[in-house]
Every structure is written in C-alpha cells, then in structure tokens.
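Engineer: The following comprises the amino acid sequence and a computationally predicted model.
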Amino acid sequence: MGRKRILVVDDELALRESLAGWLERDGYEVEMAAGSKEALKRLKDSRFDILIVDVKMKEISGMEILKQVKANHPNATVIMMTAYGSIDTAIKAMKNNAYDYLLKPFDPIDLSLMIKKIFQEKENASKHRLPEEGVKDQTSNKRRIVQSKSVPVIFDNFPNGNQMPYTVSLTPKKSTDLEKKNLKIMLVDDEKRFILPLKKRLSRRGYDIITANNGMDALRKLKQTSVQVVFLDVMMPFMDGMETLIEIKNHYPNLEVIMLTGKASLEDAVKCLKYGAADYLMKPTDIEEIIQKAEDAFKKEIC
C-alpha cells in the first residue's frame with residue numbers, strides 16, 4: 001500500500017503533538033495542521049490516507065473540512081473528534097461520511113486500533129478491487145439495471161442468491177399520492193402505545209404500513225414482503241435495534257433504515273449510522289418528520 005500517511009488537524013498544540021507522536025510510534029508518517037486553512041493547503045500539496053479532524057476550530061469548522069475532503073479526496077478516511085459532543089453534530093458528521101466521531105479525551109490505544117482497522121480495510125479493498133471494465137458484471141450485494149422497453153427493472157442481489165425485482169418509472173412523479181401508493185413503511189417497536197397510533201395516523205395519510213413487535217418479527221416479515229423504509233426502535237427485548245439493523249443491512253443492504261429512540265445517546269447515534277442506518281431520530285417524533293424522512297429515503301432509493 002506504500003507509505004501510510006495521516007494528517008492531524010487541531011488548533012490545540014498539545015493535543016496534536018501528542019497524537020502525532022503516538023501515531024509516529026505506531027510507524028505512520030504523520031503531519032500536523034494547526035487549523036482548517038492550513039489543513040486545506042496541505043491537502044492541495046499532499047495525499048493523506050487518514051485525517052483526524054477537530055470539530056470546533058476558529059477559521060473553518062471541522063465539519064466543513066469533512067465535506068471538502070469527501071468531495072475532493074473520496075479515498076481519504078476522516079475521523080472527527082471533539083470535546084463538545086452533541087448528538088446532532090455526531091449525526092451530521094456520520095451522514096457526511098465520517099468514519100467515526102470521538103469524544104475527547106479518548107484513549108489513544110482505541111485510536112491506534114481504529115487506524116489499524118482502517119488500513120486493513122483499505123488493503124483488503126485494494127486486493128479485491130476489480131478492473132474497471134469488470135465492475136459492471138459484479139452483482140453480489142449491489143444493484144444491476146436491466147433495460148426493458150418501458151421501464152428499467154432493478155434487482156437487489158442478496159447473499160442467499162434471491163433476487164427481488166421492482167420497477168422504477170421513467171417519468172417524474174407528479175403527485176405525492178403516487179409516492180404514497182409505492183411507499184411501503186415498516187414500523188418496528190415493542191411499545192404498542194407508540195406504534196399503533198403512529199400506524200393509524202400514517203394509514204390515514206394514505207401510506208401502506210406494516211408493523212413488527214420486535215427485531216425477529218421484523219426479519220421474518222421482511223422475508224415475506226418488500227418494504228422501502230424501516231423505522232426501527234433501538235431499545236427492544238430479545239433482539240435490540242442495533243442487532244436488527246446489522247441483520248437487515250447484511251441481507252437487504254439497499255433497504256433504508258431509520259432508527260428511533262426514547263433514550264438518545266451520542267454513542268448509539270454514531271454506532272447506528274456506522275452500521276448503515278440512514279438517520280437517528282428521538283422520540284416523541286413529529287409525524288411530519290416521520291413522513292418527510294420516509295419520503296426522502298424512498299426518493300434516494302429510486303434515484
């Protein structure tokens with residue numbers, strides 16, 4: 001893989017020097033930037049495999065650095081760190097493709113293990129990367145499009161070899177009524193006082209709603225019917241939302257899953273988005289927000 005290069009971006013001198021020294025002892029080539037402008041300048045002149053970026057900086061926020069890195073250096077991995085953690089900021093960072101979101105002070109041993117894992121993932125990806133002309137033939141866990149005279153038919157290919165086809169209209173939808181007919185939502189929650197009123201209200205709006213009382217029930221029903229969006233409670237007995245999310249993404253990688261919780265935590269928010277959730281919402285959730293998130297996820301799926 002060549003030289004393994006890391007850029008540490010933080011306006012705190014003691015922290016960036018401490019991190020740089022620790023990572024150099026691990027054998028990495030490390031550079032430091034005292035702020036966002038310096039970091040962007042270094043990115044123009046050099047290539048980095050990993051950036052470790054502070055969220056709060058004086059010139060340009062770490063979040064803006066994250067966006068620019070992912071737009072202009074998509075192969076670089078970004079780890080965000082902050083002493084002022086908030087769930088909203090963590091969600092925003094993960095949705096903008098940060099690899100992780102660390103709260104200061106953190107154990108440098110944990111960071112070392114994370115970086116070792118990142119480089120291992122990069123090496124594995126490099127070994128298994130196919131020539132560009134062969135990528136189109138790869139259908140495992142990806143979508144392939146078969147053109148027909150009227151509409152493209154998209155097949156989701158899952159590990160068990162099954163294919164679930166569905167069609168996408170070639171013309172833009174002109175009304176939300178058409179979206180409602182095509183959008184099937186699954187609600188997964190063990191609290192009847194939450195799930196039943198929500199189902200009733202969404203059904204009144206014209207949406208096709210399926211409910212499940214726990215993770216195992218949800219996985220069983222997903223084998224029987226296709227849905228476009230799953231709203232999944234984090235805290236459930238027998239199989240919690242995190243375990244269910246992992247199973248769903250393993251078998252249905254393109255299915256949009258939005259997590260719900262009545263006991264929000266920054267760690268859970270980061271973990272859910274890292275495992276493939278599209279979003280993380282706090283209860284009680286406004287029904288308009290539920291509808292907007294569902295329709296946004298559905299539009300993203302069919303684009």
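Structural biologist: Arrived safely, thanks for sending.

Engineer: SS state for the closest residue to residue 81 other than its chain neighbours?
Structural biologist: For residue 81, ignoring the flanking residues on the chain, the nearest one in space by CB to CB, 6 or more residues apart in numbering is residue 102 at 4.4 Å. Heads up, the C-betas are built off the backbone N, CA and C, glycines and all. Assigned with DSSP: H, G, I helix; E, B strand; the rest coil, residue 102 falls in the strand class.

Engineer: got a list of what residue 102 touches?
Structural biologist: 79, 80, 81, 82, 111 (CB atoms under 8 Å, 6 or more residues apart in numbering).

Engineer: Those: which two are farthest apart?
Structural biologist: 82 and 111 (13.9 Å; CB to CB).

Engineer: just the helices in the stretch 101-250 of the chain please.
Structural biologist: Taking DSSP state H, counting those that start in this stretch as the criterion, the stretch 101-250 of the chain carries its helices at 108-128, 132-135, 176-182, 192-204, 215-224, 241-251.

Engineer: gap between the first one and the chain center?
Structural biologist: With CA atoms, centre = their mean, to the nearest Å as the basis, the distance from the averaged C-alpha position of helix 108-128 to the chain average is 18 Å.

Engineer: List the contacts of it.
Structural biologist: 1, 4, 6, 18-19, 22-23, 26, 28, 49-50, 52, 77, 79, 99-100, 102.

Engineer: mind redoing it with 10 Å?
Structural biologist: If you take CB atoms under 10 Å, 6 or more residues apart in numbering as the criterion, helix 108-128 is touched by 1, 4, 6, 18-19, 21-23, 25-26, 28, 49-50, 52, 75, 77, 79, 81, 99-100, 102, 106-107.

Engineer: Helices - which of those land there?
Structural biologist: 18, 19, 21, 22, 23, 25 (DSSP state H).

Engineer: Okay, the residue nearest to the first one when sequence neighbours are not counted and residue 30: tell me how far apart.
Structural biologist: Leaving aside its chain neighbours, residue 18 sits nearest to residue 108 (7.8 Å; criterion: CB to CB, 6+ apart). According to CB to CB, to the nearest Å, residue 108 and residue 30 sit 13 Å apart.

Engineer: so what sits against both of the two?
Structural biologist: 19, 21, 22, 23.

Engineer: Present these as JSON lines; the columns should include distance to residue 188.
Structural biologist: Shown next, in JSON lines, are those (distance: CB to CB, whole Å):
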{"residue": "19", "distance to residue 188": "40"}
{"residue": "21", "distance to residue 188": "46"}
{"residue": "22", "distance to residue 188": "42"}
{"residue": "23", "distance to residue 188": "41"}
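
Engineer: Buried subset of the residues you listed, written for PyMOL?
Structural biologist: Buried residues among these (16 or more other CB atoms under 10 Å), as a PyMOL selection:
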select buried, resi 19+22+23
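
Engineer: and of the shared contacts of residue 108 and residue 30, the nearest to residue 278?
Structural biologist: residue 19 (31.5 Å).

Engineer: contacting residues around the closest residue to that closest one other than its chain neighbours?
Structural biologist: Among residues not flanking residue 19 along the chain, residue 8 sits closest, at 5.0 Å (CB to CB, 6+ apart). By CB under 10 Å, 6+ apart, residue 8 lies in contact with 15-20, 22-23, 30-34, 39, 48, 50-54, 79, 81.

Engineer: Mind giving me the PyMOL select for those, buried ones only?
Structural biologist: Buried residues within the contacts of residue 8, by 16+ other CB under 10 Å, are selected in PyMOL with:
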select buried, resi 15+16+19+20+22+23+30+31+32+33+34+39+48+50+51+52+53+54+79+81
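
Engineer: What about the contacts of residue 8, which are in strands?
Structural biologist: 30, 31, 32, 33, 50, 51, 52, 53, 54, 79, 81 (DSSP state E).

Engineer: of all these, which two lie farthest apart?
Structural biologist: 31 and 81 (16.5 Å).

Engineer: quick revisit: for the helices of the stretch 101-250 of the chain, which one sits closest to residue 284?
Structural biologist: helix 192-204 (8.0 Å).

Engineer: buried stuff in the closest one?
Structural biologist: 194, 195, 198, 199, 202.

Engineer: Put together CSV for the residues you listed, with distance to residue 186 and pLDDT on each row.
Structural biologist: Listed next are the buried residues of helix 192-204 as CSV, based on distance: CB to CB, whole Å; pLDDT from 0 to 100:
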residue, distance to residue 186, pLDDT
194, 14, 93
195, 11, 94
198, 12, 94
199, 10, 95
202, 11, 95
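
Engineer: Among those residues, which one sits closest to residue 263?
Structural biologist: Using CB to CB, the buried residues of helix 192-204 come closest to residue 263 at residue 194, 13.3 Å.
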